[in-house]
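>>> need coordinates for the following:
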Amino acid sequence: MQRSRRDLIPLLVFLLGLAASLAAAAAVSHAEAARRSARFEALADNAVGAINARMLAQLTLLRATAGFFKASDDVRSDEFRNFVARLRLDRYYPGVLGIGYAAYLPDKARVAAFERQASALGFPDLRVWPPGTRRDYSAIEYLEPLDRRNRSAIGYDMLSEPTRREAMDAARKGNTARVSGRVRLVQEIDPVKQPGFLIYLALFDNGGSGAEPRHLLGWVYSPLRAYDLFNATFAGNDLSQLTVEIFDVAANEDQLLFRSGPVQARPSVQRIRRIDTVGRTWIVRLTSTPRFDQAETFPLPIVVAGGGALISLLVAILMLQQQRATARTEDEVALRTAELRDANARLIDEGSARAEAEAQVRQMQKMEAIGQLTGGIAHDFNNMLAIIIGNIDLAERRADDPDRVRRAVGHAREGAIRAAQLTQRLLAFGRRQPLAPRAMDANALILGMAELLHRALGKGIRLETVLADGLWRCFADPAQLENAIVNLAINARDATPDGGTVTIATANLRRSADTPAGSSSASDFVSITVRDTGHGMPEEVAARAFEPFFTTKDVGRGTGLGLSQVYGFVTQSGGTLELISAPERGTTIVILLPRDQKSEASPPEAPARDEGVPTGRADEVILVVEDEDQVRRITVETLCELGYSVLEASGGEEALSVIEKKPEIALLLTDIVMPGMNGRRLASLVRQQRPELPILYATGYAPEELRGSDEDDGDIPTLRKPFQAGQVARAVRQALDG
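Next up is the predicted model:
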């Protein structure tokens, strides 16, 4: 059964290969179609570009003529004839019948005056035509070159024809050039006639300057025969592969201006382009010709499909032969490998047992490290609690001696503050404390965490610190840097199981101009080196040391052990991390953090003056929400001593009820972590009821699930526990005063 299924594999390979060949052929066909479309688009772009260029040249020609008229108060016919002759229209502007000037005649009196003036100038036969009564009139006065065609147009009133009037009125109102729709030019006096159009530019007695021209003089214009014009336009283009059709406004036969050749009944490619030509929209329809279609004759998709099918068949035949040979070999090997399979099974069982034992050892080492660290922390907490409890007991026994009571309470407060600082350090170490980078002294940070490092390393490892004098300040997150140093110290401890020395050193480092590429862009660094005398790492292990999850420890998942977290912190801070290690020669890891230039260039800020503890008023009512009775009691008493009126609630539901009944409440002071409704949810509901009510959080620790909740905190300030009366007073006063 198994072999029969195996024999189906060549057939499956052939079918898959055939399907892949067909897919490849389809892809090639699609690519060919895309290339073909792109080639046609290039031809179409060239054709449209030629149209735009020619119309721009015509517009430039007309503007030059308008400039000629504006430069002279009275243009004579011989001057105009010489001007047009210099333009060489027949050579440089084929298709342009001429350039002319049509005078504007607002009424019949002006028409009569125009005809008298023409007669006085030697043109007794010049008459404004066609005759008739109209709103206003125009007359072609000049039109050069004055050949047989153009002579027939002299005196023609172009305002008498609607299409021409529309363009002339638009040119007058917009004070800009306008092209007319399709017309039959009056110069079409031969049997073979062409569609035509005209371009107009109005002339005013002030040259069109100012917001309202004073007086319309007339129009300079140019009549154009469409086929002559566009045949000359496309003289430099290869139109053998596409047919160009130009329509005025709509792609109808009665609006056709130009067609370069016959159009296929079913062209393979067709494109429609709309172009704005001197204020009028033309439709350009471009279709492929048989020559364009014949250029794509090589059947590449068929070749790809056939070749792929043939290759698939050959591969299937080879696989079938290989499988038959393999089956014969397997039959022979099966007779001789029974004992070998048993041996392999035993090796696999032994390997699994060894891997399980190694995992248990690693877990025991991890738990031992955590136990050693937590044992040291418990020792420190017990010492601090001994200070607090002992001094409180002393104060109770010496209640009759105020000085000794005051000293005992002060010592107890110092112990409590030290415990709070240790708690904040543990939160930062566990990445549960909100952190932010700032200018800092690395030497001071290392000295401050010496006791924590001793606890983490244990008794069998000696800690040495070599701190440089005059160390620059660096810009980094102190809590993250402390976490990174502890991570490196614990890794160093794990690398020296038989005891040894861990050295932490600091120094200033200035990189030269030939720093290797890939290094940080900064030039001045503060270096923090962690060196151990352990067994070191081989080159292949050191090359992957910074990869996440490379080691067997839980890197970056809250344990704080692993180089990937340190690497991420250093690179995000703009620094670099270097590792030097060799077997039996220990490991050295160097943290390079950029020097903080700003804080060193600026003078140190003067310490803030203690302006005393701000107090409140009895009409300022504060609602305190806290589920811990003792914490709520001391907070209420503190606020009462500060002069505030205080209400209290032990949970979110009770707080909402109090707020609904007491509209005089001026501030909500709430814990975040509470059973039932947490503080963030309470704040969100209160903001819906009373958006103007100030809110102040008070918390010692906000879990991930609350800090990542969907509740919008906005800009609600937070008072960190444990707090003293002065901290409460300032936070409350600031929240109330906004």
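
>>> following the worst-scoring helix or strand of the chain on mean pLDDT, which helix or strand comes up?
The weakest-scoring helix or strand in the chain, judged by mean pLDDT, DSSP states H and E, is helix 704-707 (a mean of 48). Sequence-wise, the next helix or strand beyond helix 704-707 is strand 718-720, with elements assigned using DSSP states H and E.

>>> so what are the sheet partners of that next one and their directions?
In the sheet containing strand 718-720, the strands it pairs with under DSSP bridges are strand 695-699 (parallel).

>>> tell me the mean pLDDT for the partner strand?
This predicted structure assigns strand 695-699 an average pLDDT of 93.

>>> how close does Asp331 sit to Ala325?
In this structure, Asp331 and Ala325 are separated by 11 Å, where distance is defined by Cβ to Cβ, to the nearest Å. Placement of C-beta: from N, CA and C, glycine included.

>>> also Leu97?
87 Å.

>>> try Arg730
In this view, Arg730 and Ala325 are 87 Å apart by Cβ to Cβ.

>>> quick one: which of the two has more around it?
Arg730 (16 against 10; other Cβ atoms under 10 Å).

>>> which stretches of the stretch 101-250 of the chain have low pLDDT?
Using pLDDT under 70 as the threshold, the predicted model of the stretch 101-250 of the chain has low-confidence ranges 206-214.

>>> quick one, what contacts the closest residue to Ala729 other than its chain neighbours?
Using Cβ to Cβ, 6 or more residues apart in numbering and skipping residues adjacent in sequence, the residue nearest Ala729 is Val613, 4.6 Å away. Counting by Cβ atoms under 8 Å, 6 or more residues apart in numbering, Val613 touches 642, 725-726, 729-730.

>>> surely Val613 is in a helix?
No: counting by DSSP: H, G, I helix; E, B strand; the rest coil, Val613 falls outside a helix, being coil.

>>> state the pLDDT value of it.
What the model reports as pLDDT for Val613 is 84.

>>> just Gly375 next, same as before
59.

>>> and Arg455, by the same measure?
The pLDDT attached to Arg455 in the predicted structure is 82.

>>> how much space between it and Asn483?
As defined by Cβ to Cβ, Arg455 lies at a distance of 15 Å from Asn483.

>>> in terms of neighbours, single out the busier of these two.
With neighbours defined as other Cβ under 10 Å, Arg455 and Asn483 compare such that Asn483 has more, 22 against 17.

>>> which of the helices or strands spans the more buried one?
Under the criterion of DSSP H and E, Asn483 resides in helix 478-495.

>>> for Asp349, same thing?
Assigned by DSSP H and E, Asp349 belongs to helix 338-397.

>>> list the buried ones in stretch 463-481?
Of the residues in stretch 463-481, those buried by neighbour count under the rule 16 or more other Cβ atoms under 10 Å are 463, 471-481.

>>> which residues does Glu654 contact?
For Glu654, the contact set (Cβ under 8 Å, 6+ apart) comprises Val625.

>>> over to Cys640?
Contacts for Cys640 were tallied using Cβ under 8 Å, 6+ apart; they are Val646.

>>> give me the phi and psi for it.
Dihedral pair for Cys640: phi -60, psi -40, per degrees, to the nearest 10.

>>> and what of Ala666?
Dihedral angles phi and psi of Ala666 (degrees, to the nearest 10) take the values phi -100, psi -20.

>>> and stretch 301-319, what's buried?
By neighbour count, with 16+ other Cβ under 10 Å as the criterion, the buried positions of stretch 301-319 are 301, 304-305, 308-309, 312, 316, 319.

>>> make TSV out of these and add secondary structure.
What follows is the buried residues of stretch 301-319, written out as TSV (three-state DSSP):
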residue	secondary structure
Pro301	helix
Val304	helix
Ala305	helix
Gly308	helix
Ala309	helix
Ser312	helix
Ala316	helix
Met319	helix
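
>>> just these now: which is nearest Asp136?
Sorting the buried residues of stretch 301-319 by distance to Asp136 puts Pro301 at the head of the list, at 66.3 Å, by Cβ to Cβ.

>>> what sits up against stretch 281-293?
Residues from elsewhere that reach stretch 281-293 (Cβ under 8 Å, 6+ apart): 40, 43-44, 47-48, 51, 240-251, 255, 257, 261, 263-264, 267-275.

>>> make a ChimeraX selection of whichever of those residues turn out to be buried.
Typed into ChimeraX, the next command selects the buried ones out of the contacts of stretch 281-293 (criterion: 16+ other Cβ under 10 Å):
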select :40,43,44,47,48,51,241,242,243,244,245,246,247,248,255,257,267,269,270,271,273
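
>>> which of the contacts of stretch 281-293 fall within strands?
If you go by DSSP state E, those have 242-248, 257, 270-275 in strands.

>>> and those residues, which two are furthest apart?
Using Cβ to Cβ for every pair in those, the one that comes out farthest apart is Leu242 and Asp248, at 20.4 Å.

>>> please parse the chain into its domains.
Residue ranges for the structural domains of the chain, counted by automatic domain parsing, are given in the record as 57-235, 349-429, 438-601, 621-737.

>>> those: lowest mean pLDDT?
Among the domains of the chain, domain 349-429 scores lowest, with a mean of 69.

>>> so where does Leu203 fall, helix or strand?
In this assignment (DSSP H and E), Leu203 forms part of strand 196-204.

>>> revised request: answer the last question for Leu593.
According to DSSP H and E, Leu593 maps onto strand 587-594.

>>> so what pLDDT did Gly307 get?
Model confidence at Gly307 (pLDDT) stands at 86.

>>> which of the residues in stretch 273-288 are buried?
Across stretch 273-288, burial judged by 16+ other Cβ under 10 Å covers 273, 277-278, 280, 282-288.

>>> hang on, Gly100 is in a strand, isn't it?
Yes: in this structure, Gly100 lies within a strand as judged by three-state DSSP.

>>> for it, list the residues it contacts.
When contacts are counted by Cβ under 8 Å, 6+ apart, Gly100 touches 140-144, 150, 153, 220-223.

>>> if you set the cut-off to 7 Å instead, what comes out?
140, 142-143, 221 (Cβ atoms under 7 Å, 6 or more residues apart in numbering).

>>> one more: Gly499?
When contacts are counted by Cβ under 7 Å, 6+ apart, Gly499 is found next to 460-461.

>>> just use 335 as the starting number from now, easier for me
Let's use 335 as the start, then, which means that last one is Gly833.

>>> how much space between it and Thr799?
Counting by Cβ to Cβ, the separation of Gly833 from Thr799 is 18 Å.
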